[in-house]
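K.L.:
Starting from these lines, generate the structure:
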Amino acid sequence: QVQLVESGGGLVQAGGSLRLSCAASGTILRIDTMGWYRQAPGKQRELVATITSGGTTNYADSVKGRFTISRDNAKNTVYLQMNSLKPEDTAVYHCNANVLVLSPIRWLERWGQGTLVTVSS
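P.N.:
Sure, this is the predicted structure:
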C-alpha cells in the first residue's frame, strides 16, 4: 500500500503565506512526477503545480510567481510554498504522485486525502 498524507493547510488572511507538505509512504521503489491539485467548492479539480523527479516544474498561470513547488526525493516528500495568497486560492489541495511499487512491479497513481486552505479577505 502506498499512502500520501498532506499537512499544512489552514486559515490565512489575504497576502499571507502557507506551506503544504505531502509525504509518500509504503513499499516505494521510485516516484516520478509529484504534484498539487486543488478543488474549490462547486468547481472541478485543477492543476496547481507539478515537479518531475529531476526537478522540472510546471505551474498553473494563476499561481505563477506566487507558489513554489519543491521536493525531497530522499524523504519522498513534495512541498508547496504559497505566498501572496488570494481569496480565490481557497480550496482543498490534493497531493498526487506516480509511484513505482513492488509485488508486482508496476506504476500506480496515488492521491492524498486533501488539506483545506482558506484565504480570508
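
K.L.:
most centrally placed residue in the chain?
P.N.:
W36 (2.8 Å; Cα atoms, centre = their mean).

K.L.:
who does it bridge with?
P.N.:
Counting by DSSP bridges, W36 forms beta bridges with A49, C95.

K.L.:
surely it meets V92?
P.N.:
No. With contacts counted by Cβ atoms under 8 Å, W36 stays clear of V92, the gap being 11.0 Å. In short, each C-beta sits where N, CA and C put it, glycine included.

K.L.:
How far does stretch 40-51 sit from its chain's centre?
P.N.:
When C-alpha coordinates are averaged (Cα atoms, centre = their mean, to the nearest Å), stretch 40-51 and its chain have centres 10 Å apart.

K.L.:
Contacts for it, please.
P.N.:
33-39, 57-60, 63, 67, 69-71, 78, 80, 88, 90-94 (Cβ atoms under 8 Å, 6 or more residues apart in numbering).

K.L.:
do stretch 102-111 as well
P.N.:
Residues outside stretch 102-111 that contact it (Cβ under 8 Å, 6+ apart): 2-4, 24, 27, 29, 32, 94-101.

K.L.:
which residues are in contact with both of W36 and V92?
P.N.:
With the criterion set as Cβ under 8 Å, 6+ apart, the contacts of W36 and V92 do not overlap.
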